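> task: produce atomic coordinates for the following.
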Amino acid sequence: MVIGYSSFKLTFHDSNGSELMKQNLDAFNLIITNFSDLIGFAESPFKVFNYQLMETALKEDGIIYCQDKCQ
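Now for the predicted structure:
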């Protein structure tokens, strides 16, 4: 996967994903996210709203890849 980061086809966003998705509806082919931390800033991705937001930010045939923490 690391090799893919150097591809000209990739735009890597290391930012507040919720704000980025609100500004870019129907824009992404792939969203990769890591929801392993439930404290503070990272709490918001666990709200159902953010899963819905990811869906609206994806193009029609887009994919969400989510790494989560088992509890």
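
> what packs against the longest helix that the chain contains?
Using DSSP state H to define each element, the chain has its longest helix at helix 48-57. Counting contacts by 3 or more CB pairs under 8 Å, 6 or more residues apart in numbering; DSSP states H and E, helix 48-57 is packed against helix 17-23, strand 28-35. C-betas here are computed from N, CA, C, even on glycine.

> let's see it at 6 Å
helix 17-23 (3 or more CB pairs under 6 Å, 6 or more residues apart in numbering; DSSP states H and E).

> now do the buried residues in the helix it packs on.
For helix 17-23, a neighbour-count test (16 or more other CB atoms under 10 Å) marks 17, 18, 20, 21 as buried.

> could you pull up the mean pLDDT of the one helix or strand residue 59 maps to?
Assigned by DSSP states H and E, residue 59 belongs to strand 58-68. Average pLDDT, strand 58-68: 88.

> show me what it packs onto, helices and strands only.
For strand 58-68, the packing partners by 3+ CB pairs under 6 Å, 6+ apart are strand 28-35.

> within its sheet, name the partner strands of the strand it packs on and how each one runs.
strand 58-68 (parallel) (DSSP bridges).
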